[in-house]
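Asks: how would this look folded up:
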Amino acid sequence: MFTAMRGPHSLVPGLPSTFMSVVDGGGGPTLSELDRALIRILQLDGRRSFAALARELGVPEKTVRRRVVELIDGHVIHITTVSDPALLGYQVAAMVGINVDGRRSLRALVGSLAELPHVDYAVITTGRYDALIEVLCRDMAELLTVIDEKLVGAPGVRTVEVFPYLQLHYQEPAWEAAQSKQISAEGGARSALDATDRRIMAILSDDGRLPFAVVGERLGISESQVRKRVARLLETKTMRITAIANPRSLGFETVVWVGIRGCPGQSIVDLAETLTRIPSITYVAVTAGRFDILAEAVCRGMDDVLRVVDSEIRTLTGVADTELLICLDLYYRAVAPLEP
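Replies: You can find the predicted model right below:
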């Protein structure tokens with residue numbers, strides 16, 4: 001899933017350092033037009049060199065280097081890897097709808113659930129659920145354990161509804177790209193990951209701009225081997241290296257989830273594919289349960305939300321019903337490969 005930084009940009013107190021919070025208001029550093037331009041480019045290519053950034057933006061390389069370092073150190077952006085969780089060893093994923101009983105603060109409860117090692121994404125929402133929690137597991141047995149031991153009966157949780165993913169159909173972490181769909185949802189034949197690939201991705205998930213020589217030193221292989229492996233993973237779209245950022249930093253004020261029920265006789269996979277072509281849609285999962293599809297949209301404002309839901313989704317052939325969940329606060333953690 002995608003990004004989060006409280007306010008615009010501080011880490012959430014009490015959450016692991018890998019977690020960021022994203023949508024609620026608050027203070028934070030003011031971003032310049034140069035900052036925003038850097039973020040847009042780094043979302044498309046998180047390893048773009050300082051020299052290339054300077055040439056593209058027409059500013060001194062020293063200035064670019066300083067601002068990128070400050071954006072990273074200030075937790076405004078996190079350069080990390082994005083990949084299909086199944087390729088990283090997570091064979092089972094699910095979105096879990098949570099309703100609370102009022103015994104605990106909603107923020108405190110969601111913050112505590114976000115700390116669970118199997119959770120990579122948590123959001124406070126309006127609508128049917130008070131929160132949505134994304135869970136990544138090795139298998140169904142592990143998913144059952146997480147639900148039974150960590151979610152059901154957790155202090156403050158009243159009800160739990162689970163939506164196992166039948167297919168993670170689409171994810172686009174670059175907000176601007178999601179508006180124009182300039183990055184195709186289609187990929188080539190994705191590479192199978194060996195142990196070295198996984199270790200490289202694990203290191204780059206913490207720091208996507210880490211020099212390949214340093215990665216090689218940590219793994220006991222040459223810089224050229226690291227470079228070739230990363231190039232292959234990027235070329236086959238097995239992995240992307242991108243800047244995860246607060247959507248608000250680029251003018252996207254509202255994140256929403258849409259639960260979609262399909263019409264009998266219509267292909268859900270075909271409907272999911274159609275959704276990927278809608279501007280603002282950033283995530284599409286085919287699910288079991290109450291909804292056939294859960295889709296995330298990152299929008300500039302409520303007018304954009306209305307356009308996505310009313311004009312783009314509800315009018316599609318094959319859509320029987322929709323439910324809208326508006327995100328009030330959002331937490332994200334980069335996903336690293338599981339150890340074999």
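Asks: List the contacts of residue 132.
Replies: By Cβ atoms under 8 Å, 6 or more residues apart in numbering, the contact list for residue 132 reads 95, 96, 97, 98, 121, 122, 123, 125, 257, 325. Just so you know, the C-beta spots here come from the backbone N, C-alpha and C atoms, and that holds for glycine as well.
Asks: what about the last one, distance to residue 297?
Replies: Right, residue 325. Using Cβ to Cβ, to the nearest Å, residue 325 is found at 11 Å from residue 297.
Asks: who's more crowded, those two?
Replies: With neighbours defined as other Cβ atoms under 10 Å, residue 325 and residue 297 compare such that residue 297 has more, 28 against 23.
Asks: hang on, isn't that one packed against residue 306?
Replies: No: using Cβ atoms under 8 Å, residue 297 is not in contact with residue 306; the gap is 11.2 Å.
Asks: thinking again about what came up before, among the contacts of residue 132, which ones are in strands?
Replies: 95, 96, 97, 98, 121, 122, 123, 125, 257, 325 (DSSP state E).
Asks: and the gap between the fifth one and residue 48?
Replies: Distance of residue 121 to residue 48, computed by Cβ to Cβ: 26 Å.
Asks: what sits up against the helix or strand hosting residue 66?
Replies: Assessed by DSSP states H and E, residue 66 sits inside helix 61-73. With Cβ under 8 Å, 6+ apart as the test, helix 61-73 has contacts from 34-35, 38-39, 42, 50-51, 53-54, 57, 76-79, 209.
Asks: Am I right that residue 327 is in a helix?
Replies: No: under DSSP: H, G, I helix; E, B strand; the rest coil, residue 327 falls outside any helix and is assigned strand.
Asks: just checking, it touches residue 123?
Replies: Yes: with contact defined as Cβ under 8 Å, residue 327 reaches residue 123; the gap is 4.8 Å.
Asks: Name the residue in the two with the higher neighbour count.
Replies: Taking neighbours as other Cβ under 10 Å, residue 327 and residue 123 compare with residue 123 leading, 29 against 23.
Asks: Who is the more buried one paired with across the strands?
Replies: Applying DSSP bridges to residue 123 gives these bridge partners: residue 132, residue 330.
Asks: Next one: it relative to residue 111, how far apart?
Replies: Distance, residue 123 to residue 111, by Cβ to Cβ: 12 Å.
Asks: Following the least confident helix or strand in the chain by mean pLDDT in sequence, what is the next regular element?
Replies: Within the chain, no helix or strand scores below strand 19-21, which has a mean of 48 by mean pLDDT, DSSP states H and E. For strand 19-21, the following helix or strand on the C-terminal side (DSSP H and E) is helix 33-44.
Asks: same question for that following helix, mean pLDDT?
Replies: The average pLDDT within helix 33-44 is 93.
Asks: my read: residue 209 touches residue 46, true?
Replies: Yes: using Cβ under 8 Å, residue 209 is in contact with residue 46, at 6.6 Å.
Asks: who's more crowded, these two?
Replies: For residue 209 versus residue 46, the count of surrounding residues by other Cβ under 10 Å is larger for residue 46: 24 against 18.
Asks: returning to what we had before: selection in PyMOL covering whichever of the contacts of helix 61-73 are buried, please.
Replies: Buried residues within the contacts of helix 61-73, by 16 or more other Cβ atoms under 10 Å, are selected in PyMOL with:
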select buried, resi 35+38+39+42+50+53+54+76+77+78+79+209
